[in-house]
Every structure is written in C-alpha cells, then in structure tokens.
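Asks: sequence plus the predicted model coming up.
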Amino acid sequence: MLIYLPRAARAAPSAAESAASARSARSGAGARILVVDDDAAVRGVTVECLREAGYRVAEADSGTTALTLLERDAPCDLVVMDHVMPGLSGQDTVRLARRARPELKVLFLSGYAAWEEAGGDIWLQKPFRAQTLATAVLRALQ
C-alpha cells in the first residue's frame, strides 16, 4: 500500500505557533538528527521542518543507507525513522543500529493508524504538522 502525501503550501503560523516554534528551536537547537524515509517528498518536508526548528539534519533514503551512516560513527542525537520501508523496515533498522549504539534515540513515523509500540521509542502518525513534529522530537531527545 502506498500513501502519497503531497507537499502543501503552508499557511502563516499563528502567534502561539510562532512562539512555540521559537521555544522548540531554542531548547533543541543544534541537536543532530538523521531522517530516514524512502519517500523523497516526505523526507524532504520532514528535513525542512527540522532545519527550520534549528536542528542539524542528515538524511537517508533507506534503512541500509542509515546503517551505513551510523556505522561510520556519524554524530546522531536522534533518528527520525519511517516505520514501513522496502527492504529493511524501520524497526529492523533500529534493531541492527542498536547493536553498536544501544543508547540510540528514535522517533518512528507511521502512516498507519495502528503500530507495535517498542521500548521507550516515540511514535508519530503521518501526516503531521511542523509543530507536532517539533514537540515529538523534543520528547524523544529527552
């Protein structure tokens, strides 16, 4: 099953959203995040949202590419991982990555209504708003 999430023009944020975004950027600014999603459009929007919030972001288009980056000891404070991908699923990728990095923090993204909760990992359902993503990222980093 494929789910297409079109990139939409953003409406101007409200004053409350702008203030919340500023607080989010200050409290998490500089954290290094790896975004892993096989859908280039979804990955691009996620990366853009995180960069606008003040994070340093790397990206990977598959679990295999993510593992290669993590095996190089690339600095990574959080992985934002698509749950369903061809080849290695998000959970399989995380399980393999945690062999070398057991402390790895993960925020799973899923377009499905139901998923299997795993450990202390945080889950966010697609589609999401930029502020919802920023809040979930802060939770995952703590």
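Replies: Looks like it arrived, so ask away.
Asks: alpha carbons only for contacts and neighbour counts from here, please
Replies: Will do.
Asks: give me the element residue 68 is part of.
Replies: Per DSSP states H and E: residue 68 is located in helix 63-71.
Asks: list the buried ones in that helix?
Replies: By neighbour count on 16 or more other C-alpha atoms under 10 Å, the buried set for helix 63-71 is 63, 66-67, 69-70.
Asks: got it, and stretch 31-49?
Replies: 31-39, 42-43, 45-47, 49.
Asks: that's a strand at residue 44, yeah?
Replies: No - per DSSP: H, G, I helix; E, B strand; the rest coil, residue 44 lies outside any strand segment and is helix.
Asks: quick one: it and residue 37, what's the gap?
Replies: Using C-alpha to C-alpha, to the nearest Å, residue 44 is found at 9 Å from residue 37.
Asks: any idea what the residue nearest the centre of the chain is bridged to?
Replies: Closest residue to the average C-alpha location of the chain: residue 80 at 2.3 Å, with C-alpha atoms, centre = their mean. Beta bridges link residue 80 to residue 35, residue 107 when assigned by DSSP bridges.
Asks: report the separation between it and residue 141.
Replies: Plainly put, residue 80 is 11 Å away from residue 141 if you go by C-alpha to C-alpha.
Asks: residue 109 too?
Replies: 15 Å.
Asks: who's more crowded, the two?
Replies: Neighbours were counted for residue 109 and for residue 141 using other C-alpha atoms under 10 Å; residue 109 has more, 22 against 17.
Asks: in this structure that one contacts residue 81, no?
Replies: Yes - counting by C-alpha atoms under 8 Å, residue 109 touches residue 81, with 5.9 Å between them.
Asks: strands of this protein, start to end?
Replies: 32-36, 56-60, 78-82, 106-110, 122-125 (DSSP state E).
Asks: for those, give me TSV that also has mean pLDDT and distance to residue 88.
Replies: Output for the strands of the chain, formatted as TSV (pLDDT from 0 to 100; distance: least, C-alpha to C-alpha, whole Å):
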stretch	mean pLDDT	distance to residue 88
strand 32-36	97	11
strand 56-60	96	13
strand 78-82	95	11
strand 106-110	93	14
strand 122-125	89	18
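Asks: show me the contacts for the closest residue to residue 57 other than its chain neighbours.
Replies: Once flanking residues are discounted, residue 57 sits nearest to residue 33: 4.9 Å by C-alpha to C-alpha, 6 or more residues apart in numbering. Contact analysis of residue 33 by C-alpha atoms under 8 Å, 6 or more residues apart in numbering lists 55-58, 76-80.
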